[in-house]
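>>> below: sequence and its predicted model.
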Amino acid sequence: MPRELFAISGGLGLEARATRRSSRAGVLACPLFVALGIACALATVREVAADVEVAASAQPQTVAAGETLRYEISVTITGPAGLTMRPQPTLPDLDGFEIVTTGTRQSTTMDDGGMESTRTHIYVLRAKRAGSFTLEPASVRVGRQTYETGSVQVNVTSESTTTQPPSMPPATPIPEPPPPSPTEDEYIPTKTIDLRLTAEPENPYVGQQVILTFTFYQSQSLYGDTRYEPPQAENFVTKELSHPENVTRLLGDSEYLVQQRRWAVFPTTAGRATIEPVEVIATMHPMTPPQDYYTNTLELYVRQLPPAPAGKQFEGAVGKFTAKLTADRTSVKAGETFTLTLIVRGAGNLHGLGTPTPQVPEWVRIYRSREDRTSAPGYGGESDTIGGEARFEFLALAKRPGTVKVPPIEFVYFNPDAGRYKTTKTEGVSIQVAPGAAMEDGPSEETEQMRHIMARGPGKPAGGPLLVQPWFWALQGLPLLALATFAYLSHRNRALLANPELARSLNAPRVARAHLYEARQALTCDDSDRFCTAVSHALTDFIAHRTGLQAADISTQEAIAALREESIDEDLVGRVDALLRRCDYGRFAGAGRAEYDEMLQAARRLIDELSAKSLGGR
Amino acid sequence: MSSRLASAAMLCGVLVVLSAAWGQEIQREQHSEGVAHRFAQANQHYADGNYQAAAAAYESLLEQGYHALAVCYNLGNAYLQMKDAGRAVLYYRRALLIAPRHRDTLHNLRYAESQLPYQASPIVETWGHLLLRWLLSRLSINELVGSSALLYWLAVAAGIWRMYNPRRRATVALWALVIALCISSGLTYAKWDGDYASGRAIVVSDADMMSGPGRSFELLARLRPGAEVSVLETQGQYREIRTEAGGRGWLDKQHLEFISPYQ
């Protein structure tokens, strides 16, 4: 049974404020509930202001001097706030009367429209002298508002209007009929607040309806909201029943307000079942904290159902049921569908009912298409009986012409009152199937037999879907890496095209390497002139490209001057100068192979050293 | 001298790595032979009519990670022979995750479904849904993922091509590949969501669908083996499910098996 919190406001009425616990949705909806709560509180305040009625009356309105009359001020408050309010009237000037005794009476009514509490303050007055008196309006304070009753006219005659002696006081301040006395076997509460939990029957069968009754006795008004938790019943399916009206009863020596809550529970498993006590949290006095009160624990012995009759299919129905089978059509064409509807009605565990199957020929395919179960208290006019209707619809498709004869369905149920199984039988249904477009000869050959197992076994363990393999995702990073690389290169190329000087500067080592390669080629051909020119160009072109000079026109002197302008150290400049001069001389005076190799190596070193320097601001 | 030592060390290292790889390969082959042997034993149990032993042997292979078509298919057959059509449907569905167009599995699945206590309700769908369902039922997740990955690589290549050759032809190719990639990815997601991520499960034994996570809640319906449901949430021993007809309720875990073995 779901644990829910209910509130018993002021100990006099129940308020249907239920909150599902342990629900994630509930947690999420908390702020909403808080907002709703604030709204409700505001609404309640408005209700107090708007839905309070006060009235005053006198009965009888004509009395003789010395006789008594009853003066009543009633305050009616609509809404739950009325349960906690204690309106206090201020009496008008009662000149000519004296108060003999006072009392109060409170009644609460609940219906679909809400809750209404009426508190009546009763004053028994004795008329002291004859005359016509007008009792001025009494004022009543409810919350922060003050309300006024109407005025009441009372005539006091000088002679007695009854045979009763005028000095006789009233028998009781609240002239109400005495509350009903307890019956012989009724529980007599012994405490101010007494709780009781009962079950009927106590030895049910599995699936049989049991009525749990929680009774709350109170002989004293309570303060604030009184809460209780419904009984915890594992292995029971629970439905709440309608609540009986609150009554005031004389039980033992005290008058008790008796409230009851009831549930229909259906045991789902056999054996001993414990229903945990109902807990009530109530405040006896405004200055004391709320206290917990518990009912008794219930022990039920759930009986196993006897074995189902041989050859009958029992679907778990316990109660009293009737069944009916109908078809929506009496004739169809092959390939067309028709609907078979099985309706099970009755009182019992309709919720636990299995789905009976109509038997159809093999050449008719049948599908379960719909299932509705409606059950509620009040079946058959009995407020405590859970019952209703289970409707099962089957879509059927005939594959060839013929007559579909659906035999009567035997519906077996267990009747707990009789203690044995009973069978209710539907009527059979017959449907004529005419030849149709989607006609088939019979069941497919394919589905008649299953195919054999595979002989070849698994090679290696399956790695599962690619999506869960880490290597797969790592591999998918490669195209992105390539795309990023190419995008960078593309961007760099565009930047170089836009800045020719930068392009020349970046290109300088490649140009120098090309000249040195040419020099090496010239060396293999013993072409000293070409060798020296190539080495010289390698150096001068490198310097020209890096310093932004025109490479075609640069001479040795200009190259040296350019290096000096760039503040290159004199040692390096001197070595560049020396190599360039050796190249100039080499064009005219040949040298040995070793010297050319040494010049080539020197050129390479110088270009490397110059590459490391910052030339032309780059 | 030192270079000779370094060369010798390198050679030793290579030899060690090669011998380790060889040893692992031998071990794998032996393990594979063991698996093949156990599979053959399970088949023998099946041929002898000892379907329970066969099912146990196939299940032990599954537990070791051999989610292969042959194991799932044969296990489905074993359960079908034991008249447990619900579990048979489950393992045929698992086999179809691996090989969606395997004829024998499709055939036996239809056969198993015809043996279920109740047939699945016919679902009225639009042509679009039917086409999508048909397409997804014929492609495995790895086929879809592979085609999406291929399209992705091609789209990246087309993007690089267009970067250096910004002509109309390159742009059209790029867009065509991007659109194809989107469609392929959408299908992959639908397949993944439908078969793996959405918690599709099969009811394998008679199960009571309760209104809450416990036996004390109201019994909503009784589900029969073979019914396909979606698992929405798990609370302790109970799972919240949605049936194909849209009904929601809670089922004891023991009655449910996820179709995907990876959940």
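Received it, and whenever you're ready, just let me know what you need.

>>> quick one, domains of chain B?
Structurally, chain B divides into domains by automatic domain parsing as follows: B:2-114, B:127-178, B:200-258.

>>> out of those domains, which is closest to residue A:350?
When the domains of chain B are compared by CB to CB, domain B:200-258 sits nearest residue A:350, at 9.6 Å. Where you see a C-beta, it was placed from the backbone N, CA and C, and this is true even at glycine.

>>> now the terminal residues of that closest one, how far apart.
Terminal residues of domain B:200-258 lie 6 Å apart, using CA to CA, to the nearest Å.

>>> thinking again about what came up before, got TSV for the domains of chain B, with mean neighbour count and distance to residue A:219 too?
Shown next, in TSV, are the domains of chain B (neighbours: other CB atoms under 10 Å in any protein chain shown; distance: least, CB to CB, whole Å):
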stretch	mean neighbour count	distance to residue A:219
domain B:2-114	17	59
domain B:127-178	16	67
domain B:200-258	19	34
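
>>> need the ones you listed in JSON lines (columns: mean pLDDT and distance to chain A).
Shown next, in JSON lines, are the domains of chain B (pLDDT from 0 to 100; distance: least, CB to the nearest CB, whole Å):
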{"stretch": "domain B:2-114", "mean pLDDT": "85", "distance to chain A": "3"}
{"stretch": "domain B:127-178", "mean pLDDT": "90", "distance to chain A": "4"}
{"stretch": "domain B:200-258", "mean pLDDT": "86", "distance to chain A": "5"}
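
>>> for residue A:76, which of these is the nearest?
domain B:200-258 (39.2 Å).

>>> what's the distance between that closest one and the middle of its chain?
Chain-centre distance of domain B:200-258: 21 Å, with CA atoms, centre = their mean, to the nearest Å.

>>> same check, this time on stretch A:60-74
So, by CA atoms, centre = their mean, the centroid of stretch A:60-74 is 60 Å from its chain's centroid.

>>> got the buried residues for that stretch?
By neighbour count with 16 or more other CB atoms under 10 Å in any protein chain shown, stretch A:60-74 contains the buried residues A:63, A:64, A:65, A:66, A:67, A:68, A:69, A:70, A:71, A:72, A:73, A:74.

>>> how about stretch A:227-242?
Here stretch A:227-242 shows A:227-233, A:235-239, A:241 as buried, counting by 16+ other CB under 10 Å.

>>> other SSEs contacting the helix or strand that contains residue B:45?
Here residue B:45, judged by DSSP states H and E, is contained in helix B:2-47. On a contact count with 3 or more CB pairs under 8 Å, 6 or more residues apart in numbering or on different chains; DSSP states H and E, helix B:2-47 meets helix B:51-63, helix B:69-81.

>>> and residue A:128, which of those helices is closest to it?
helix B:69-81 (99.2 Å).

>>> so where do the helices sit in the stretch 51-200 of chain B?
B:51-63, B:69-81, B:85-98, B:103-114, B:127-138, B:141-164, B:168-192 (DSSP state H, counting those that start in this stretch).

>>> for chain A, same thing?
A:24-28, A:30-50, A:81-84, A:470-475, A:477-498, A:500-524, A:528-547, A:556-565, A:570-588, A:593-612 (DSSP state H).

>>> what about the shortest one, average pLDDT?
The average pLDDT within helix A:81-84 is 64.

>>> the last one now?
The predicted model assigns helix A:593-612 a mean pLDDT of 88.

>>> okay, the helices of the stretch 51-200 of chain B in CSV with distance to residue A:152 next?
Shown next, in CSV, are those (distance: least, CB to CB, whole Å):
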stretch, distance to residue A:152
helix B:51-63, 90
helix B:69-81, 88
helix B:85-98, 80
helix B:103-114, 84
helix B:127-138, 77
helix B:141-164, 87
helix B:168-192, 80
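
>>> ok, which of those comes nearest residue A:341?
Taking those one by one with CB to CB, helix B:103-114 is closest: 23.5 Å.

>>> so what secondary structure elements neighbour that closest one?
Checking 3+ CB pairs under 8 Å, 6+ apart, helix B:103-114 ends up next to helix B:69-81, helix B:85-98.

>>> and that helix, how far out from the chain middle?
Offset of helix B:103-114 from its chain centre (CA atoms, centre = their mean): 17 Å.

>>> okay, the angle between that helix and helix B:69-81?
30 degrees (axes from the mean of the first three to the mean of the last three CA atoms, to 10 degrees).

>>> is it correct that residue A:93 is in contact with residue A:137?
No - using CB atoms under 8 Å, residue A:93 is not in contact with residue A:137, being 11.1 Å away.

>>> out of those two, which sits in the busier spot?
residue A:137 (16 against 8; other CB atoms under 10 Å in any protein chain shown).

>>> how about the contacts made by the more buried one?
Each residue near residue A:137 by CB atoms under 8 Å, 6 or more residues apart in numbering or on different chains is listed here: A:56, A:92, A:148, A:149, A:150, A:151.

>>> now, of the residues you listed, which are buried?
Buried among the contacts of residue A:137 (16+ other CB under 10 Å): A:56, A:92, A:149.

>>> so the first one touches residue A:150, yeah?
What that stands for is residue A:56. Yes - Residue A:56 lies in contact with residue A:150 (CB under 8 Å); the separation is 6.1 Å.
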